[in-house]
Structures are given as structure tokens and as C-alpha cells.
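Novice: need a structure here:
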Amino acid sequence: MKMHIDLLIAAAVACSISVAPAFAKTAKECTVEWRADKAGMQARGTTEKAYVAQCKGGAEPTTAAPASKPAETTSPAAPRQTTATGSKTAKDCTAEWRADKAGMQARGVTEKAYVEQCKAGGAAPTATAPESKPSVPPPAPKQASPAKPPTPAQPAQKPAPTTTAAPVPAPAQQPSVPKGGATLEAGQFADEASAKARCPSDTVVWVNLPSKIYHFAETKSYGTTKRGAYMCEKEAIAGENRASKTEKHP
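Specialist: Predicted coordinates:
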């Protein structure tokens, strides 16, 4: 009976020894292995933590297949929601366009159009042919006009008798310095004689230039204000001047 128990104990020990993992490694060794092939591990979707956990257990780490996104079903109402097999991200498409920016611009392909078609997985956008402008034919050369025959000489006409008009009397020259240092305009005179020569049939008035009020002859303000000029009454009215309300028209 004792021998039978000893045999059972020995068998259990042998079994536990055979079950022990043959490939067990330390966490440090597993970490070193993962980092030695870091790029490959990340490309296969194996994280460092998962690799170390499996490596320590003695099992050969398996690469976790990336979860495949369910393909979007196309519907006639929304055809743009379907994704092509070779679709790319907007960042990838933008990088491709900028890598051949000069060529794309030369072919007339804009960055926005390229990225939209590239994301949809379609073929590379083709350049739109520029609209051909209608060629303008060169202007036809002007034909020389035939020379006109010489016209016969006409007999010399007698000059029409000219009538000499009566000379218009020139208005008297204004004094070099008008009264009050005012700058006179057309129709304004510094002396009464010049104004009468301009309009012999009109009434000559004295216009107070600052107030734009004119005064008649033989009144207190006629020719006495600090700044003023002699004018014909009609021209004074046309210049938006008005007669004094306290004076009577002569």
C-alpha cells in the first residue's frame, strides 16, 4: 500500500514538471525582445504589455489582427457614403498632392479636388482641359483707296466786303489795391466809373461783400463799408446779393 502511494506521488511530480512551460522567460527578456522588433510588433498590432504577458507564460505571442471595419452598405439615397477598397485619409491624400504640387498645378488639378477623389478611393483626378479661346483672325490689310482725280481749279471768288464794327469801349482799369484789401471777382469794381462803363443802362450799387447786402447811391453805406465793390444791380442779384431793406430804390 505504501509503495502504491509513493508511485502516485512520483507520477504527480513528473506530471507537474512536464506541464511547466518550456519557453518561460523573465519580463525583462520579453521586454527586450519586443523592443528589438518594435516597428514590426506595432505593425502587427502586438502591444508591449500583451507580448510580455504571453512571453512570460511561455506561449508564443500571437499577433492580434486589427478589427476590420464593417463595410458600409450602399444605398441609392446616399451613394457618397460608400467607401472604396483603397480609400485613404485626407492627410495621406494632401501629402500626395503636395509631393507633386508643381505637376498637379500644371495639369490644373486643385488640392481640394484631388483630396476628395483620393479619399473616395477613385482614380487620380485628371486635369480639366482649359477652355480654348477662339482665335482672332489677323486684321485684313487695308486696301489703298484709289487716288481721287484732281478737281478743276475753281475761279477765284471775290472777297466779301467786310464791315468794321464800332469799337467797344474798354472798361476802365481797376485800381491795383481795392478797398479793404478784398479780392474782386468778375463784375466787381473798385471804382464807380468802371461799374457804370460796364452797365450804362443799369443801376450801379455798392455791395458789402461780407454781408452780401448792396446799397444805392446817395445813401449812408454807399461806398463806405470796409469791404465792398461797385457792381451792376442785375449782376449783384445774380450773385445772390440782396438790397438793403432800409433803403429805397432810386
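Novice: After the helix or strand of the chain with the lowest mean pLDDT, heading C-terminal, what element do we hit next?
Specialist: Here the helix or strand of the chain ranked lowest by mean pLDDT, DSSP states H and E is helix 2-19, holding a mean of 55. Using DSSP states H and E, the helix or strand that follows helix 2-19 in sequence is helix 27-36.
Novice: quick one: contacts of that following helix?
Specialist: Met41, Thr46, Glu48, Tyr51, Val52, Cys55, Lys56 (CB atoms under 8 Å, 6 or more residues apart in numbering). C-beta coordinates here come from the backbone N, C-alpha and C atoms, glycine included.
Novice: Mind listing residues that contact the helix or strand just after it?
Specialist: Beyond helix 27-36 on the C-terminal side, the first helix or strand identified by DSSP H and E is helix 38-43. Helix 38-43 is contacted by residues Trp34, Thr47, Glu48, Tyr51 when judged by CB under 8 Å, 6+ apart.
Novice: Drop anything exposed from these.
Specialist: Buried members of the contacts of helix 38-43, scored by 16 or more other CB atoms under 10 Å, are Trp34, Tyr51.
Novice: For the contacts of helix 38-43, work out which two are farthest apart.
Specialist: By the measure CB to CB, Trp34 and Thr47 form the most distant pair in the contacts of helix 38-43, at 8.6 Å.
Novice: which is the next helix or strand following the helix or strand harbouring Glu96?
Specialist: Applying DSSP H and E as the criterion places Glu96 in helix 90-99. Sequence-wise, the next helix or strand downstream of helix 90-99 (DSSP H and E) is helix 101-106.
Novice: And the contacts of that next one?
Specialist: Residues outside helix 101-106 that contact it (CB under 8 Å, 6+ apart): Trp97, Thr110, Glu111, Tyr114.
Novice: Would you mind checking the average pLDDT for it?
Specialist: For helix 101-106, mean pLDDT rounds to 89.
Novice: how about that helix: buried residues?
Specialist: Buried, per 16+ other CB under 10 Å, within helix 101-106: Met104.
Novice: Now the element after that helix, going C-ward?
Specialist: Scanning forward in sequence from helix 101-106 by DSSP H and E, the next helix or strand is helix 111-119.
Novice: Just want the angle from that following helix to helix 90-99.
Specialist: Put simply, helix 111-119 runs at 130 degrees to helix 90-99, going by axes from the mean of the first three to the mean of the last three CA atoms, to 10 degrees.
Novice: other SSEs contacting the following helix or strand past helix 111-119?
Specialist: Using DSSP H and E, the helix or strand that follows helix 111-119 in sequence is helix 192-198. With contacts taken as 3 or more CB pairs under 8 Å, 6 or more residues apart in numbering; DSSP states H and E, helix 192-198 sits against strand 204-208, strand 228-232.
Novice: let's see 6 Å
Specialist: Here helix 192-198 touches strand 228-232, going by 3 or more CB pairs under 6 Å, 6 or more residues apart in numbering; DSSP states H and E.
Novice: hang on, the earlier thing: so for the helix holding Glu96, what gets flagged as buried?
Specialist: Cys93, Thr94, Trp97.
Novice: Next: stretch 235-242.
Specialist: By neighbour count on 16+ other CB under 10 Å, the buried set for stretch 235-242 is Glu235, Ala236, Asn241.
Novice: out of those residues, which one sits closest to Pro250?
Specialist: Pro250 lies nearest to Ala236 out of these, by CB to CB, at 14.4 Å.
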